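S.K.: Structure for the following, please:
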Amino acid sequence: MHRRLFCGLGLAFGAGSRAVAQSGIWPEWIGSYSGTIHFYRSIPLEDIAPPPEHPHVDLDDTTPFAIFFAVWSDDQSTAIWLRIDGGPMQTAFAGETLRFGPSIDGLAGMIEAKGKPVPRRANLLIHPDSLGTEALFSHADGSFWRRHFTARFTPSGADVIVWVFDAAGTRARTWRGSAVKKE
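M.R.: Below you'll find the model as predicted:
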């Protein structure tokens with residue numbers, strides 16, 4: 001009986017502590033990072049109805065190219081600056097800055113974007129060891145493509161994955177690499 005009561009109090013205390021609003025960004029993540037990524041693979045997406053008879057598989061150049069990003073946060077928002085120097089998701093030389101509102105259960109919506117082009121919509125996903133952005137961009141013809149950027153933090157920097165989903169939604173292409181935190 002006493003053990004059940006004690007465990008119940010522990011659960012109630014734990015549930016109450018989750019209600020405190022936090023940015024979700026760990027202080028050690030804040031800073032600037034630089035590294036390289038290289039083409040990893042193209043994945044045909046099988047949930048398309050009807051599936052394509054001959055799925056397109058990219059044989060991209062596997063030569064590494066530079067990636068730079070920075071993370072900063074204040075009481076009201078978190079910002080991610082990202083510059084990618086190659087591939088179909090290449091950004092302008094100045095990069096792009098996506099600012100996100102407060103995080104609720106690890107998810108925050110974009111409240112401001114600077115760069116060319118900027119996504120029409122983006123989300124920030126925060127996990128205990130990583131953060132990621134999911135951004136939806138428009139082409140001039142009205143079609144769109146999605147880019148996912150994930151940084152899984154390590155003692156010296158981050159392991160990075162970039163996914164790009166094409167406008168037709170028929171395949172995902174991935175690039176992987178690592179970045180070192182600048183001191």
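
S.K.: so what's the spatially most central residue of the chain closest to, chain neighbours aside?
M.R.: For the chain, the residue nearest the mean C-alpha position is G132 (2.2 Å; CA atoms, centre = their mean). Excluding its sequence neighbours, the residue lying closest to G132 (CB to CB, 6 or more residues apart in numbering) is T150, at 3.9 Å. Where you see a C-beta, it was placed from the backbone N, CA and C, and this is true even at glycine.

S.K.: can I assume the one you found is in contact with T174?
M.R.: No: distance between T150 and T174: 10.2 Å, which falls outside the contact criterion (CB atoms under 8 Å).

S.K.: so what sits against both of the two?
M.R.: Common contacts of T150 and T174 (CB atoms under 8 Å, 6 or more residues apart in numbering): I161, V162, W163.

S.K.: Quick check: which element contains the second one?
M.R.: It stands for V162. In this assignment (DSSP states H and E), V162 forms part of strand 157-165.

S.K.: Can you check which strand is longest in this protein?
M.R.: strand 31-44 (DSSP state E).

S.K.: Kindly export the helix or strand following that one (C-alpha atoms) in PDB.
M.R.: Following strand 31-44 in sequence order, the next helix or strand is strand 65-73 (DSSP H and E). Only the C-alpha atoms of strand 65-73 are listed here, as PDB (Å, rounded to 0.1, in the frame of the first residue of the first chain):
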ATOM      1  CA  PHE A  65      30.500  19.700 -49.800                       C
ATOM      2  CA  ALA A  66      30.300  22.200 -46.900                       C
ATOM      3  CA  ILE A  67      27.500  22.700 -44.500                       C
ATOM      4  CA  PHE A  68      27.300  25.400 -41.800                       C
ATOM      5  CA  PHE A  69      24.700  26.000 -39.200                       C
ATOM      6  CA  ALA A  70      24.200  27.900 -36.000                       C
ATOM      7  CA  VAL A  71      21.700  27.500 -33.100                       C
ATOM      8  CA  TRP A  72      20.700  30.300 -30.700                       C
ATOM      9  CA  SER A  73      17.800  30.800 -28.400                       C
END
